[in-house]
Structure formats: C-alpha cells, structure tokens
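# Please work out how this folds:
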Amino acid sequence: MAISLQERTCGLLLHPTSLPGPHGCGDLGPAAHAFADWAADAGQRLWQMLPVVPPAGGSSPYQSNSAFAGSPWLVSLEVLHQEGLLSPGDIEGASLPEDRVDFAATERFREERLRRAFEAFRTSPPEAFFAFCTRERAWLDDFALYCALKKAHNNQAWSRWPRPLRERPPEALRQAAEDHKTEVRFHQFVQYQFHRQWSALRKRCAERRLALIGDIPIFVGHDSADVWQNPGLFFLDADGEPTVVAGVPPDYFSETGQRWGNVLYRWDVHRAQGYAWWIARFRSMLEKFDAVRVDHFIGFHRYWEIEASCPTAVDGRYRPGPGAPFFQAIEDALGPMPIIAEDLGVVTPEVDALRARFRFPGMKVLQFSFTSDPKARHILPFSFSRDLAVYTGTHDNNTTRGWFDELGATPSTAQDRAFVLDYLGTTGDQIHWDLIRLAHQSPADLAILPVQDLLGLGASARMNTPGVAEGNWSYRLRNGALDEGICRRLKRLSEVCGRTRL
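Sure, this is the predicted structure:
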C-alpha cells in the first residue's frame with residue numbers, strides 16, 4: 001500500500017508480541033487482524049511495530065540472529081490448527097500467563113508445536129513452499145543452516161564452531177547442509193509460515209487502509225546468520241570475534257552510556273560493493289512494510305565505537321558513518337524511501353542536513369519536550385515543524401502516566417511538572433489524553449501513539465528500560481481493553497485535528 005510520510009495522518013505503536021492471545025505472546029493470528037480492524041475503525045492510518053526479526057538469546061527484538069528472517073514466535077498456532085497442521089489438543093492448555101510474556105516458557109511451548117506442525121507438513125509440502133525457498137534463497141539457505149548448526153553445537157556462537165564451519169568453504173557447507181537437512185528444512189518451514197501469515201495480515205491492513213511501519217535497527221548481532229554469511233563486511237579478528245562494538249555515549253538514559261555490543265560495519269567494504277547488502281535489507285523490509293523507521297539514524301552520520309574489551313560505553317570514540325552516498329545508493333536502487341529517521345540524541349547540523357536532503361521525517365517525543373528552562377523553548381511542541389513524527393513516548397520511554405507520576409520526585413523535576421500542567425492547562429488527571437491531544441494538534445505531519453497511553457497505563461506497562469537487562473519487552477494488551485469508547489474518542493480527535501477523514 002503506497003503511503004506518503006509528508007501527509008497529515010496518525011497511527012498507533014504496538015508490537016505484535018503485545019497482542020492478546022492464548023499461547024504466551026501475541027502473534028500474526030486472529031488478534032492481529034482484530035487489532036487492525038479496531039485501529040482502522042478508530043480512524044488510524046498507521047500501525048508501527050518494533051523489529052519482527054527473531055529475538056536472539058532472549059527477548060529483545062533489537063538483538064537478532066537475522067536481519068531478514070521473521071520471528072518464529074509470531075507464527076500463529078491457531079492458524080496452523082485451522083490449516084490442519086495441529087490438532088485441537090496441540091493448541092489447548094498452554095497454561096501460560098496472559099498479562100505478561102514469559103519468554104522462556106513461551107518459546108518452549110511454541111517451538112514444540114511448530115515442530116509438530118512441521119512433521120505434518122513435511123510429508124507433502126506444496127509447490128508454493130519450494131517456490132518460496134527458491135525466491136528467498138539468498139538469505140534463507142544460510143539462515144536455516146546457521147540455525148541448524150547452532151542447535152548441533154549446543155547453541156554456541158558461530159565463531160566457536162569448528163574452523164571449517166567458521167570459514168565456510170563450499171564443500172564444508174554442502175556437507176553440513178546434507179548432515180542437517182531435516183533441521184534445515186524445519187527452519188525453512190517456519191519462515192514459510194511466517195511469510196504466509198504476514199502476507200495475510202498485510203492484505204487485511206491494506207483493505208482497511210492501514211499502513212504498516214517497520215523498524216530497522218542500524219546494527220546487527222555478531223552471533224547472527226548475517227555476520228556468519230558475510231564476515232568481510234564487519235570488523236572481526238582472525239577467529240571471527242568483534243574487535244570493536246557499537247553503543248552510545250553517556251546520555252539521558254545512562255550515565256555510563258549504552259554498550260550494545262553489536263559488531264560494527266566496515267563501511268569501506270560496503271561502499272566498494274555498492275551497498276548491496278543494505279539494498280537487499282531495505283528491499284526485504286519494503287516487501288513486509290509500507291514504511292520503515294530507521295533506528296539510530298544518527299549513526300549513519302557518525303557512530304560511537306567501543307573497543308570490544310571495554311565493559312561500558314564511557315570510553316569510546318566517534319567514527320564517520322556512510323552519510324549521503326549511502327542513502328543515495330539505496331534510493332537509486334529502490335526509489336525514494338519511505339523512512340522515518342529516529343534522530344533522537346545528540347543531533348548535529350549535519351544529521352539534520354542528511355535527513356532533510358532525503359525528506360525523511362524526524363522524530364519528536366513529547367516526554368522530552370517539557371522543561372522549565374527558558375533556554376529550551378525550541379523543544380516545545382509549538383516549535384515543531386511539519387516534517388516530523390511526534391510520539392507521546394516510544395518503546396524506550398516510560399508510559400505517559402508513568403513518566404508524569406515520576407515528575408516531582410525531586411526539586412528539579414517538580415518545576416518541570418508544574419510547567420507541564422501550565423502548558424497543557426490541565427490538572428493531570430488524564431495526562432495521557434492531554435498528551436495524545438497535544439500530539440494530534442501539533443504541526444507534525446505524523447502523530448503516533450503507544451497503545452499503553454490510550455489506556456492510561458502506569459510504569460508497569462513500560463516496554464523497555466534502556467540499560468536494564470531484565471524484565472523488558474513483556475507488556476501485553478489485555479483482551480477487550482481497547483473498547484468502543486476509546487475507539488470513538490480517538491477517531492473523533494483524529495478527525496477534528498485533520499489527521500483522518502471526517
């Protein structure tokens with residue numbers, strides 16, 4: 001569905017794992033279709049998600065073993081049952097929590113059912129399956145083999161596999177694929193089912209005029225099929241280990257910065273190859289989504305490089321990113337890109353110029369917009385330009401209710417709390433709707449709301465706390481929480497603010 005990011009519109013931010021459902025986490029099944037219908041009925045035109053890639057070694061969708069694959073845990077078991085690949089007993093009695101995601105238990109339950117479905121499927125796979133494998137073989141063959149080899153080597157990182165498998169001579173890969181052909185086929189099956197269910201959801205969204213916005217992290221994980229398949233594109237030593245890693249310097253979220261640990265790109269090699277890997281990555285994203293939020297856009301101008309031996313991000317250095325030639329190469333290959341630039345952080349004039357050159361909307365977060373400092377008036381909503389996506393908060397922020405409740409905890413934030421109330425002309429009793437209204441009334445072309453803020457949920461519904469390793473990404477929407485009253489209220493607000501059709 002073709003969309004313009006330069007038109008006044010609105011949408012919602014909700015990751016599919018946060019949807020309700022009986023199997024431990026939300027997925028691409030009936031609840032996703034129902035949410036798409038509810039959002040469209042509420043006058044929304046955008047559904048933004050976090051990355052839908054497989055979370056690697058845990059729950060974060062920003063750490064993955066593939067930039068191209070879909071998460072197995074988003075494959076709907078209900079749909080597999082409807083298609084005859086699972087029995088009623090397979091999908092009943094999950095005994096998994098419905099208010100939060102227990103990732104370890106959910107993955108165990110879902111993997112067991114996916115393997116049962118595969119056993120039913122493998123006896124007579126349709127031609128469409130083989131066509132899918134052929135069409136996606138540029139990444140799928142290596143991803144499926146990588147997953148099979150990870151299992152065979154007790155989940156060790158690829159850099160600790162036997163040298164022939166690390167260094168990938170063709171004969172070693174052929175033999176490994178033959179030795180593990182059933183496991184390879186299983187992972188191809190899972191990706192095929194993800195593709196089919198995703199295509200059905202995207203079709204439903206297009207029918208309801210609801211565009212999908214994806215999220216593309218700038219960096220990839222070291223222990224991933226991407227790095228194993230293309231080691232020359234990254235800074236690695238002779239044993240395949242990272243020599244430098246990614247992160248950000250100390251900031252609002254952390255006094256010691258954030259040491260993400262992702263391996264860094266050899267941009268000179270990417271440039272020499274015409275950015276072919278990145279072009280393939282963006283092409284894959286645009287086959288799933290109508291637009292893409294590019295996480296850490298600042299890193300394409302300059303990024304924070306940390307020695308792999310350093311335990312924090314305090315001691316690092318800025319390095320130049322690929323800049324305008326990179327985005328020009330992408331545009332030359334794929335056409336003008338529907339990108340939202342996540343340009344939060346230390347934004348230099350060069351970052352602004354890079355974004356403006358390609359007409360990418362930037363981001364503003366209302367929770368960052370309020371301060372009693374008279375020197376900071378430029379960050380207040382009345383100063384917003386049109387070429388922006390404004391959010392009440394993002395997945396990395398507290399909920400609006402949680403944020404407001406924390407204001408006033410110290411003398412410095414007490415002044416900010418008073419300023420928020422004066423600016424909004426409110427008592428704060430419904431601070432979430434105050435900020436939702438402010439986002440919709442702002443000059444920004446795009447207004448996008450985390451679903452938690454529609455419900456006025458507190459800090460316990462926060463999706464992620466940067467720099468904190470445990471307890472993130474587990475928020476789930478209660479079934480029926482988005483009721484008809486909220487639907488009508490949001491639709492009317494979107495209409496009167498000119499963001500949807502009257």
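# what comes up buried for the strand or helix carrying residue 487?
In this assignment (DSSP states H and E), residue 487 forms part of helix 484-496. Under the neighbour-count criterion of 16 or more other CB atoms under 10 Å, helix 484-496 has 486-487, 490-491, 493-494 buried. Every residue, glycine included, has its C-beta placed from N, CA and C.
# got JSON lines for those, with pLDDT and distance to residue 447 too?
What follows is the buried residues of helix 484-496, written out as JSON lines (pLDDT from 0 to 100; distance: CB to CB, whole Å):
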{"residue": "486", "pLDDT": "98", "distance to residue 447": "16"}
{"residue": "487", "pLDDT": "98", "distance to residue 447": "17"}
{"residue": "490", "pLDDT": "98", "distance to residue 447": "11"}
{"residue": "491", "pLDDT": "98", "distance to residue 447": "14"}
{"residue": "493", "pLDDT": "98", "distance to residue 447": "10"}
{"residue": "494", "pLDDT": "98", "distance to residue 447": "8"}
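# how about the CA coordinates for the helix or strand of the chain with the lowest mean pLDDT, as CSV?
None of the helices or strands of the chain scores lower by mean pLDDT, DSSP states H and E than helix 411-424, at a mean of 89. Only the C-alpha atoms of helix 411-424 are listed here, as CSV (Å, rounded to 0.1, in the frame of the first residue of the first chain):
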residue,chain,number,x,y,z
PRO,A,411,13.0,19.5,43.3
SER,A,412,14.3,19.9,39.8
THR,A,413,11.6,17.8,38.2
ALA,A,414,8.9,19.5,40.4
GLN,A,415,9.5,22.6,38.4
ASP,A,416,9.1,20.6,35.2
ARG,A,417,5.9,19.0,36.5
ALA,A,418,4.4,22.5,37.2
PHE,A,419,5.5,23.6,33.7
VAL,A,420,3.7,20.6,32.1
LEU,A,421,0.5,21.4,33.9
ASP,A,422,0.7,25.1,33.0
TYR,A,423,1.5,24.4,29.3
LEU,A,424,-1.4,22.0,29.0
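# ok, residues contacting the helix or strand just after that helix?
Scanning forward in sequence from helix 411-424, with DSSP H and E defining helices and strands, the next element found is helix 431-441. Applying CB atoms under 8 Å, 6 or more residues apart in numbering, the external contacts of helix 431-441 come out as 10, 366-367, 381, 390-392, 399-401, 404, 420, 424, 426, 428, 447-449, 453-456, 489-490, 493-494, 497, 499.
# what helices or strands is the least confident helix or strand of the chain leaning on?
helix 400-406, helix 431-441 (3 or more CB pairs under 8 Å, 6 or more residues apart in numbering; DSSP states H and E).
# closest one to residue 270 among the ones you listed?
Closest approach to residue 270 among these (CB to CB): helix 431-441, 36.4 Å.
# which element follows the closest one toward the C-terminus?
Next along from helix 431-441, by DSSP H and E: strand 446-450.
# gap between residue 257 and residue 63?
As judged by CB to CB, to the nearest Å, residue 257 and residue 63 stand 17 Å apart.
# Now do the strands in the chain.
For the chain, the strands defined by DSSP state E occupy 9-13, 46-48, 211-216, 244-248, 258-263, 291-294, 302-307, 317-320, 339-341, 362-365, 388-391, 446-450.
# Quick one: those strands as JSON lines, columns for mean pLDDT, mean neighbour count and distance to residue 77 too.
As requested, the strands of the chain are arranged in JSON lines below (pLDDT from 0 to 100; neighbours: other CB atoms under 10 Å; distance: least, CB to CB, whole Å):
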{"stretch": "strand 9-13", "mean pLDDT": "98", "mean neighbour count": "25", "distance to residue 77": "25"}
{"stretch": "strand 46-48", "mean pLDDT": "98", "mean neighbour count": "26", "distance to residue 77": "22"}
{"stretch": "strand 211-216", "mean pLDDT": "98", "mean neighbour count": "22", "distance to residue 77": "22"}
{"stretch": "strand 244-248", "mean pLDDT": "94", "mean neighbour count": "22", "distance to residue 77": "35"}
{"stretch": "strand 258-263", "mean pLDDT": "91", "mean neighbour count": "20", "distance to residue 77": "31"}
{"stretch": "strand 291-294", "mean pLDDT": "98", "mean neighbour count": "23", "distance to residue 77": "28"}
{"stretch": "strand 302-307", "mean pLDDT": "96", "mean neighbour count": "20", "distance to residue 77": "40"}
{"stretch": "strand 317-320", "mean pLDDT": "96", "mean neighbour count": "12", "distance to residue 77": "44"}
{"stretch": "strand 339-341", "mean pLDDT": "98", "mean neighbour count": "26", "distance to residue 77": "32"}
{"stretch": "strand 362-365", "mean pLDDT": "96", "mean neighbour count": "20", "distance to residue 77": "35"}
{"stretch": "strand 388-391", "mean pLDDT": "98", "mean neighbour count": "25", "distance to residue 77": "32"}
{"stretch": "strand 446-450", "mean pLDDT": "98", "mean neighbour count": "27", "distance to residue 77": "27"}
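# Run the angle between the lengthiest helix in the chain and strand 211-216 for me.
Criterion DSSP state H: the longest helix present in the chain is helix 181-207. Relative orientation of helix 181-207 versus strand 211-216 (axes from the mean of the first three to the mean of the last three CA atoms, to 10 degrees): 140 degrees.
# ok so, going back, who touches the least confident helix or strand of the chain?
370-372, 380, 404, 406-408, 427-428, 431, 434-435, 438.
# mind redoing it with 7 Å?
Helix 411-424 is contacted from outside by 370-372, 407-408, 428, 434, 438, using CB atoms under 7 Å, 6 or more residues apart in numbering.
# tell me the angle it makes with helix 431-441.
60 degrees.
# got the buried residues for helix 411-424?
416-417, 419-421, 423-424.
# For the stretch 151-300 of the chain, give me the ranges with low pLDDT.
252-253 (pLDDT under 70).
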